[in-house]
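[1] What shape does this take:
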Amino acid sequence: MKPPNILFILSDQHNAKFLGCRNHPDVKTPNMDRMAQEGVRFENAIAQNPICTPSRVSYLSGQYCHNHGYYGLSGPWPRGLPTLLGYFRRHGYTTAAMGKIHCPEYWVEDDCDVFHEVCQGGSIGGGSSAFAEFCRQIGHSDWQEHLGLPEFGGRAQQSMEGRPGPRAFEHTMEGWLSRTAIEFMRQAAKEQRPFCCHVSLPRPHQTTSPAPEFWNLYNEKKLRLPPNADYAMTHQAPHLKAMAAFWRKGNWTLFEPRTFEAGRLRKLHGYLGAVSQVDQAVGQLLDFLRQDGLAENTIVVYSSDHGDYACEHGIMEKAPGICHDAITRVPAIWWWPGRFKAGHVAKEIVEAVDVSATFCALAGLPAMETSDGRDISRLLGGVNGEIHQIGVTEFAWSKSVRKGKYRFVYYPRGMFAAEYPDGFGELYDLEADPWEMNNLFFEAGAKSVVRELQQDLMEWLITTARPVTVLPQAGQPTTQSRLRYRNRINADGKIHPDRIEELDNKNYI
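    Numbers count the residues shown, from 1 in each chain. Predicted coordinates for the structure are as follows:
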C-alpha cells in the first residue's frame with residue numbers, strides 16, 4: 001500500500017462556534033460543512049496555547065508548552081526539537097510549509113523542500129519573495145495586506161475594523177496559498193512521492209478585510225451578536241474586564257459612525273467574511289484532491305491555532321486569551337474518504353499535540369518519541385472512548401483546564417493580588433452556561449470541583465513534564481534516543497515521561 005499523503009491546513013484565530021455545521025446563525029462555510037459531512041468533526045478540540053507561535057510549536061512538535069518552553073511570539077531555534085515535517089521527510093516524504101508559519105527561527109525552514117512564509121516578521125524567511133513577486137505582477141504594492149488598513153497609516157495596524165478588502169479572492173494570500181499548495185501536491189504526485197504539506201492561512205485573524213465577494217455575503221443589519229456580548233461581568237477576570245472597558249470606549253474605530261456599537265458590527269461583519277474566505281481556500285484544496293484522484297490516499301486536517309472572541313464578552317480579538325472557551329477551543333475536522341466515519345461528531349477531548357501522533361499512526365510510521373500527543377485514530381473510526389482526562393491550554397502564569405462539562409482557569413495568587421488577595425480563579429459549567437457568563441469559582445457548592453481540577457492540573461503538570469535527567473536513569477535504547485554521558489535522551493535532549501513511569505525504583509523521582 002502506498003503511504004498516505006498529508007495535508008494539514010491551519011487557520012489563524014478561528015472561533016470554533018463559527019461553522020455552519022455547528023449551527024452558527026450567520027456564518028457561511030459550505031466547504032468545511034461538506035468536509036465535516038464526509039469526515040469527522042471534533043466538538044472539544046483544545047489548543048495548547050492562546051497565541052500564535054507557542055500553539056504552532058505544539059502542533060508541529062507534538063509537545064506541551066511547558067516542555068517546549070515557548071510562550072511568546074517567534075524566538076530562537078528550539079535546539080534539536082524535531083518537527084512533524086522533518087520527521088516525515090526523514091521517512092521519504094517531500095515536505096512543504098507555506099503561509100503564516102510564525103515559528104521560531106530556522107525550525108520549520110530547515111525541514112522543508114518548499115517553504116513560503118507570507119507574513120513579514122513571521123519567520124526568518126518572512127515575506128515570501130514568491131508571494132511578493134506575485135503581488136508586483138498584479139499591481140498590488142501593499143502585499144502585506146493582513147497587517148492593517150493602509151489608508152489609515154500606523155493607527156490601523158492590526159485593525160479590528162471591518163471593511164471589504166481591495167482584492168478579489170484569487171489575489172489574496174488565501175487564494176495564492178491554495179494555488180501554490182496545489183502546484184506542490186500536483187508535482188509530488190507526478191514524481192510519485194508522498195507529500196506532507198502544511199498550509200497555514202493568515203485569516204480570519206485581523207485585519208478583518210476579506211475579499212469583496214466574501215464581505216458581500218453578509219448584511220450587517222441582520223447580524224446577530226453572541227448572547228454574551230453585553231452582560232454584567234461579575235467575577236470575570238480583572239484583565240478581561242479592563243480589556244472590555246477599553247473596547248467600549250470605541251477609540252479603536254476608524255470608520256463612521258465611530259461608536260463601539262457600530263464598530264463591533266463592522267468587526268463581526270469582517271470576521272464572518274474572513275472565515276468564509278478561509279472556507280473557500282479549504283474548498284479549493286479539497287476539490288483538487290477529488291478531481292485529481294488523490295482524495296482516497298490523502299489525510300486532510302483543518303484546524304486553527306486558537307480562537308477569537310469575535311464580540312463575545314465585549315472583546316474584539318483574542319486577548320486576554322486564557323479566560324474563555326472562545327479562545328481555548330478550536331475547530332478540528334479530519335477527512336480521509338472511505339477511511340474515517342463520515343459525519344461523525346466526536347465529543348471526546350482532543351488536543352493540538354495529538355495531530356503529530358495521529359498522523360504517524362495513520363501513515364504507519366513509528367511514533368515520534370519527542371511528542372506528548374496521543375493517537376486519536378480510533379475516534380476517527382467512530383469508536384467512542386476517552387483519550388485525555390483533561391485538556392489544558394497554557395500561559396506561563398495561568399492554565400485553562402477542560403474536563404467533562406467544566407472549564408477551570410488557574411491563576412497564581414500573585415496574578416491579581418491587589419484585587420483578590422485571597423486568590424482568584426474561574427470555573428464554568430459549560431452545560432448550564434455555554435457562553436461562560438457565570439463564574440462559579442467563589443461559590444461554596446463549587447469548592448470540591450475546584451479542588452478536583454486543581455489536583456488534576458498538578459498531576460498533569462508533573463506526569464507530562466520532560467526532564468533532562470532523572471535518577472535512576474530512564475529508558476531503553478531506541479532508534480530515536482541516544483546515550484549522552486550515561487543518560488538516555490531523545491533528540492530534544494530530554495526524557496519522555498513514559499520512560500519515567502516505567503521505572504521500578506521510585507527513590508529519587
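
[2] check contacts around the closest residue in space to W215 that isn't next to it in sequence.
    Distances taken as CB to CB, 6 or more residues apart in numbering put P164 closest to W215, at 3.8 Å, once the chain neighbours are dropped. All C-beta atoms are positioned from the backbone trio N, CA, C, and that covers glycine. P164 makes contacts with S209, P210, A211, P212, W215, N216, G273, as judged by CB atoms under 8 Å, 6 or more residues apart in numbering.

[3] quick check: longest helix of this protein.
    Ranked by residue count, the top helix of the chain under DSSP state H comes out as helix 260-291.

[4] Show the subsequent helix or strand relative to it.
    Moving toward the C-terminus from helix 260-291, the next helix or strand (DSSP states H and E) is strand 298-304.

[5] tell me what the following helix or strand past that following strand is packed against?
    Sequence-wise, the next helix or strand downstream of strand 298-304 (DSSP H and E) is helix 325-328. The contact analysis (3 or more CB pairs under 8 Å, 6 or more residues apart in numbering; DSSP states H and E) places helix 325-328 against strand 399-403.

[6] Can you give me the end-to-end span of stretch 90-107?
    Stretch 90-107 stretches 15 Å from its first residue to its last (CA to CA, to the nearest Å).

[7] and the lengthiest strand in the chain with helix 260-291, angle?
    The longest strand of the chain (DSSP state E) is strand 195-204. Per axes from the mean of the first three to the mean of the last three CA atoms, to 10 degrees, the angle that strand 195-204 makes with helix 260-291 is 160 degrees.

[8] mind exporting the helix or strand following strand 195-204 as CSV, just the C-alpha atoms?
    Counting by DSSP H and E, the next helix or strand C-terminal to strand 195-204 is helix 212-215. The C-alpha trace of helix 212-215 is given here as CSV (Å, rounded to 0.1, in the frame of the first residue of the first chain):
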residue,chain,number,x,y,z
PRO,A,212,-15.3,41.8,-1.6
GLU,A,213,-17.1,38.6,-2.6
PHE,A,214,-17.0,37.3,1.0
TRP,A,215,-17.8,40.7,2.6
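
[9] residue boundaries of the helices in the protein?
    Using DSSP H, helices in the chain cover 30-38, 52-61, 65-68, 84-90, 129-137, 173-190, 212-215, 238-248, 260-291, 325-328, 354-363, 377-380, 447-463, 497-501.

[10] Okay, buried residues for the longest one please.
    Along helix 260-291, these residues count as buried under the neighbour rule (16 or more other CB atoms under 10 Å): 260, 263-286, 288-289.

[11] How about the third one?
    Along helix 65-68, these residues count as buried under the neighbour rule (16+ other CB under 10 Å): C65, H66, N67, H68.

[12] mind checking how far L10 is from M98?
    11 Å (CB to CB, to the nearest Å).

[13] Highest neighbour count among the contacts of P164?
    P210 (32 neighbours; other CB atoms under 10 Å).

[14] Quick one, grab the pLDDT at Q137.
    Here, the pLDDT recorded for Q137 equals 91.

[15] So what's the residue count around it?
    Q137 is flanked by 8 other residues according to other CB under 10 Å.

[16] Please apply the same query to S61.
    Neighbours of S61 (other CB under 10 Å): 27.

[17] go on, G72?
    11.

[18] which residues sit in contact with it?
    Each residue near G72 by CB under 8 Å, 6+ apart is listed here: I51, T53, P54.

[19] can you list the domains in this structure?
    Domains of the chain are assigned by automatic domain parsing as 5-227+253-309+319-333+342-388, 469-509.

[20] just the ones you listed: most buried one?
    Highest mean neighbour count among the domains of the chain (mean count of other CB atoms under 10 Å): domain 5-227+253-309+319-333+342-388, with a mean of 21.

[21] Just the endpoints, please. Distance across it?
    Using CA to CA, first and last residues of domain 5-227+253-309+319-333+342-388 are 27 Å apart.

[22] ok, back up a step: overlap in contacts of L10 and M98?
    Common neighbours of L10 and M98 (CB under 8 Å, 6+ apart) are H198, V199, S200.

[23] returning to what we had before: could you report the distance from the residue nearest to W215 to N31?
    21 Å.

[24] about what we covered before: can you redo the helices of the chain as TSV with distance to K405?
    Listed next are those as TSV, based on distance: least, CB to CB, whole Å:
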stretch	distance to K405
helix 30-38	23
helix 52-61	24
helix 65-68	25
helix 84-90	32
helix 129-137	44
helix 173-190	36
helix 212-215	35
helix 238-248	22
helix 260-291	27
helix 325-328	12
helix 354-363	21
helix 377-380	19
helix 447-463	10
helix 497-501	28
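
[25] can you tell me which of those comes nearest to K222?
    When those are compared by CB to CB, helix 260-291 sits nearest K222, at 10.2 Å.

[26] What distance do you get for the spatially most central residue of the chain to F359?
    Nearest to the geometric centre of the chain sits D305, at 1.6 Å (CA atoms, centre = their mean). Distance, D305 to F359, by CB to CB: 17 Å.

[27] What of Q473?
    To F359, Q473 is 31 Å away according to CB to CB.

[28] same check, this time on L483
    For L483, the distance to F359 - CB to CB - is 29 Å.

[29] And R186, by the same measure?
    The value you get for R186 to F359, if CB to CB is used, is 21 Å.

[30] ok so, going back, does anything pack onto the longest helix of the chain? Which helices or strands?
    strand 5-12, helix 30-38, helix 173-190, strand 195-204, helix 212-215, helix 238-248, strand 298-304.

[31] Check the offset of stretch 217-233 from the chain's centre.
    Chain-centre distance of stretch 217-233: 24 Å, with CA atoms, centre = their mean, to the nearest Å.

[32] Identify all contacting residues around it.
    Outside stretch 217-233, the residues touching it (CB under 8 Å, 6+ apart) are 17, 25-26, 28, 240-241, 244, 264-266, 268-269, 272-273, 276, 310-314, 435-437.

[33] mean confidence for that stretch?
    Averaging pLDDT along stretch 217-233 yields 97.

[34] Would you enumerate the residues in contact with A45?
    A16, S303, R329, V330, P331, A332, V350, E351, A352 are the contacts of A45 under CB under 8 Å, 6+ apart.

[35] Sitting in strands, which of these do you find?
    Per DSSP E, the contacts of A45 map to strands at S303, R329, V330, A332, V350, E351.

[36] Quick one, grab the pLDDT at the fifth one.
    At V350, the predicted lDDT confidence score is 98.

[37] Could you check how far E348 is from D354?
    E348 is 10 Å from D354, by CB to CB.

[38] Need the residues touching each of those two.
    When CB under 8 Å, 6+ apart defines a contact, the residues bordering E348 and D354 alike are I376, I387.

[39] Give me the nearest residue to V450, chain neighbours excluded.
    Excluding the flanking residues, the one nearest V450 by CB to CB, 6+ apart is L427, at 5.9 Å.

[40] okay, now that neighbour: neighbour count?
    Residues near L427, counting by other CB under 10 Å, number 22.

[41] mind showing which ranges of this protein have poor pLDDT?
    For the chain, the stretches with pLDDT under 70 are 125-126, 142-145, 475.

[42] Recalculate using a threshold of 80.
    For the chain, the stretches flagged by pLDDT under 80 are 1, 120-127, 141-147, 154, 156-158, 474-477, 486.

[43] got the end-to-end distance for stretch 227-245?
    End-to-end distance of stretch 227-245 (CA to CA): 18 Å.
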